[in-house]
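1. what's the 3D shape of this:
(chains A and B)
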Amino acid sequence: MKRRTLLASSAMAFGLAATMGTAALAQDPLKVGFIYIGPPGDFGWTYAHDQARLAAQEHFGDSVETFFVENVPEGADSGRVMSQMALSGADMIFATSFGYGPEVVAAAERFPNVSFEHATGYLPRPANVSLYNARFYEGRAVIGTIAGRMTETNVVGYIASFPIPEVIRGINSAYIHAQRVNPDVDFRVVWVYSWFDPAQEAAAAEALIDQGADIIMQHTDSTAALTVAQERGAMAFGQASDMTQFAPDVHLTAIIDNWAPYYIDRIQARMDGTWESTNSWNGIAQNEVTFAPFNDRIPAEVQDEANAMIEAIRTGEYHPFTGPLNRQDGTAWLADGEVADDGTLGGMHFYVEGITGEIPQ
Amino acid sequence: MDLSSINPVVLIASLMVAATPILLAAIGELVVEKAGVLNLGVEGMMITGAVAGFAFAVTTQNPYLGMIGAVVAGALVSLIFGVLTQILMANQVASGLALTLFGLGFSALVGQSYVGVVPPRTPKLDFGFLSDLPVLGRIVFGHDILVYISLLLVAATWYWLNKTRAGRVLRAVGENHDSAHALGYKVKRVRILAIMFGGACAGLGGAYLSLVRVPQWTEGMTAGAGWIALALVVFASWRPWRALAGAYLFGGIMVLQLNLQAAGFRIPVEYLSMSPYLITILVLVVMSSNRGRSSLSAPGSLGRSFHAAG
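-> Predicted coordinates:
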């Protein structure tokens, strides 16, 4: 059925391209394609990218034409979608999932005049590919602090997707900050091996709550865990967008992925002819990582503490990975006051000291 | 790593919930196969039920009307299979697979406007003080209505198949359709009714996922539950109570896997998640040999088309 939506959407993209061809004699709009891993209605990762696409569309009006293909699996299918987009006249393609990497590089070599933007990528890149990611770990530091203050059972449940650096960094950041304000806190991590599987995410949340977790964090994209938390009276954090409507009583806040400033900036650069290959990693300071309104049940002093941390990160005064920090096995990682470099963070594949359990291999 | 943090009572309660969708679908398919029809479209009927139940529940803001909608939708979509195989004499395996593909695509289309919508809540049944009893309260009196319906269905199916005249007619049709025909039973009518019952149960199982378990609508959300249900019927060698045991075993594996992880155990998640499918493949292999088939007591006319001769 994924193939079906793919075909339907590429047919639409083709149709669009065809109409544009005849109607756009006056001024050719810049055509920008987006490739999504899930449906824009997931209220998570893909939803956030689609919101940014809409914001960019509104910002540029008629001078830009955006279109998207949803539910594109990582692997060969994504390569076909990229070719299709490029052949139907896309000037710029945003590939919004980690696993599109090899196909982005291949497509970029075939279509040197198209500017590619690959989210959360890491592969060496041709001159027409840019990589972009957000410092979500800054957001995790803030929600980790809130979790440490709010938990009554001292057990925080964490629904993790795949054991890759992005996810491990998030677990570490959340744990470090929860533990700093609450030395007794314990993190339970469940790996579901999917970015988006509502039934499995719901079951994982159930299991974690059954084992005493009263706060659920997730690094998966659906709202299923929040629905479970609401039902069971556990607290939870939204992922990628404000998920309050799915759990109004227990949704503490959410880390919101705000890609709009980056998308507008990059599309503008391409229009001006100043676009070049970059590798950007923006965070709270650039408003790429923002937060949903804090739930009223978070006490005022905890809200103040969280806001102070957001400000300290914004001004660069504080880095979430500041020593002294040890690795899980007790060996020293960062000395007192030392700050982790982006290289280590980018390839992070170890837990910090205090987290129980192991990273699956 | 703390095994004591896994509470067996809670574990049993949650495995019952996890097993309910496959149990519902399996009990329906069991009746279909007892009538001699192999319908591989369970997955498609489940997901049709999931989206239809969701749509009805959201439109009427009543989860129970949604469940009824799912039952009707499941039965209707199975009727496509019924007409194809019983009246037009199409191949059952191919028609069943087609039904699955159709259901997946159709549900994705219908579901477009329901993505991200919050369905009305399905309450747990209120048993008053009984729900507060230790152990029993959580396991026996702590569920929503569909868990009980699934258990009642198992009991009713067992009774109906073994103790009633109509049930025996259905089994006769499944064991030897020529003899049943010669005795004057309406083979096609019995089979079409059985197929619709199977569709209704599968639809209800799907609705359990989208209305109670998750509750949310997403494309492809049944994620193979229909195939597990199919395997379960064979695994249970066409006996209702064994289907119940099998469903709770499969549900148990999934819940236990997540609980072990949450308790900090380093377990090979991949193997445990694989296990229901591995068991399924094994059973299917055994079943595909004729000797294995009879030792598993498969219905004699299973999967064979019926042409009325004279």
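2. only C-alpha atoms for contact and neighbour calcs from this point on.
-> OK.
3. in a strand, that's where B:Asn162 is, yeah?
-> No - under DSSP: H, G, I helix; E, B strand; the rest coil, B:Asn162 sits outside any strand and is assigned helix.
4. ok, it touching B:Arg168?
-> Yes - counting by CA atoms under 8 Å, B:Arg168 is a contact partner of B:Asn162 at 6.6 Å.
5. interface residues of the stretch 201-310 of chain B facing chain A?
-> B:209, B:213-216, B:218, B:220-221, B:255, B:258-259, B:261-266 (CA under 8 Å from any CA of the partner chain).
6. can you check the stretch 51-200 of chain B too?
-> So the stretch 51-200 of chain B meets chain A at B:101, B:104-105, B:108, B:115-116, B:118 (CA under 8 Å from any CA).
7. sort those residues by pLDDT and name the bottom one.
-> Scanning those for pLDDT, the smallest score is found at B:Gly116, 76.
8. how about the contacts made by that residue?
-> A:41-43, B:216-217 (CA atoms under 8 Å, 6 or more residues apart in numbering or on different chains).
9. again, but for B:Phe250
-> By CA under 8 Å, 6+ apart, the residues touching B:Phe250 are B:19, B:276.
10. in a strand, it, correct?
-> No - under three-state DSSP, B:Phe250 sits outside any strand and is assigned helix.
11. next one: it from A:Met243, what distance?
-> According to CA to CA, to the nearest Å, B:Phe250 stands 32 Å off from A:Met243.
12. same check on B:Ile12?
-> Using CA to CA, B:Ile12 is found at 30 Å from A:Met243.
13. so the two - more neighbours on which side?
-> Applying other CA atoms under 10 Å in any protein chain shown to B:Ile12 and A:Met243 shows that A:Met243 carries more neighbours, namely 25 against 20.
14. quick one, what contacts the more buried one?
-> A:43, A:223, A:226, A:251, A:254.
15. low-confidence stretches in the stretch 151-300 of chain B?
-> The model of the stretch 151-300 of chain B has pLDDT under 70 over residues B:284, B:287-288, B:290-296.
16. let's go with 90 and repeat that
-> Applying pLDDT under 90 to the stretch 151-300 of chain B picks out residues B:212-225, B:227-228, B:231-232, B:234-237, B:249-300.
17. do a quick rundown of the helices in it.
-> For the stretch 151-300 of chain B, the helices defined by DSSP state H, counting those that start in this stretch occupy B:165-175, B:177-182, B:187-207, B:225-235, B:240-262, B:269-288, B:290-295.
18. the stretch 51-200 of chain A too?
-> Here the stretch 51-200 of chain A has its helices, by DSSP H, counting those that start in this stretch, at A:76-87, A:101-110, A:136-150, A:165-181, A:198-210.
19. mind checking the SS state of A:Gly38?
-> coil.
20. OK, contacts around it?
-> Here A:Gly38 is in contact with A:46, A:70-72, A:196 (CA under 8 Å, 6+ apart).
21. looking at it now. What's its pLDDT?
-> For A:Gly38, the model assigns a pLDDT of 82.
22. now do the one 4 residues further on
-> pLDDT, A:Asp42: 75.
23. with B:Gly53 instead?
-> So, for B:Gly53, pLDDT stands at 96.
24. looking at it, it is touching B:Gly66, isn't it?
-> Yes - the criterion here is CA under 8 Å, and B:Gly53 meets it with B:Gly66 at 4.2 Å.
25. overlap in contacts, the two.
-> Here B:Gly53 and B:Gly66 share the contacting residues B:Ala207, scored by CA under 8 Å, 6+ apart.
26. who's more crowded, the two?
-> B:Gly53 (34 against 29).
27. which residues are in contact with that one?
-> Applying CA under 8 Å, 6+ apart to B:Gly53 gives the contacts B:63, B:65-71, B:204, B:206-207, B:210-211.
28. the lengthiest helix in chain B - contacts with which helices or strands?
-> Longest helix in chain B by number of residues (criterion: DSSP state H): helix B:8-34. Judged by 3 or more CA pairs under 8 Å, 6 or more residues apart in numbering or on different chains; DSSP states H and E, helix B:8-34 is in contact with helix A:198-210, helix B:42-60, helix B:136-139, helix B:145-163, helix B:165-175, helix B:187-207, helix B:225-235, helix B:240-262.
29. what segments of chain A are strands?
-> Per DSSP state E, chain A carries strands over the ranges A:30-35, A:64-69, A:92-95, A:115-119, A:129-134, A:155-160, A:186-191, A:215-218, A:235-240, A:251-257, A:279-282, A:289-291, A:325-326, A:332-334.
30. count of neighbours near A:Ala335?
-> A:Ala335: 13 surrounding residues under other CA under 10 Å.
31. for it, give its distance to A:Met348.
-> A:Ala335 sits 17 Å away from A:Met348, going by CA to CA.
32. same question for A:Arg188.
-> Per CA to CA, A:Arg188 is found 19 Å from A:Met348.
33. what does A:Lys31 give?
-> Counting by CA to CA, the gap from A:Lys31 to A:Met348 is 36 Å.
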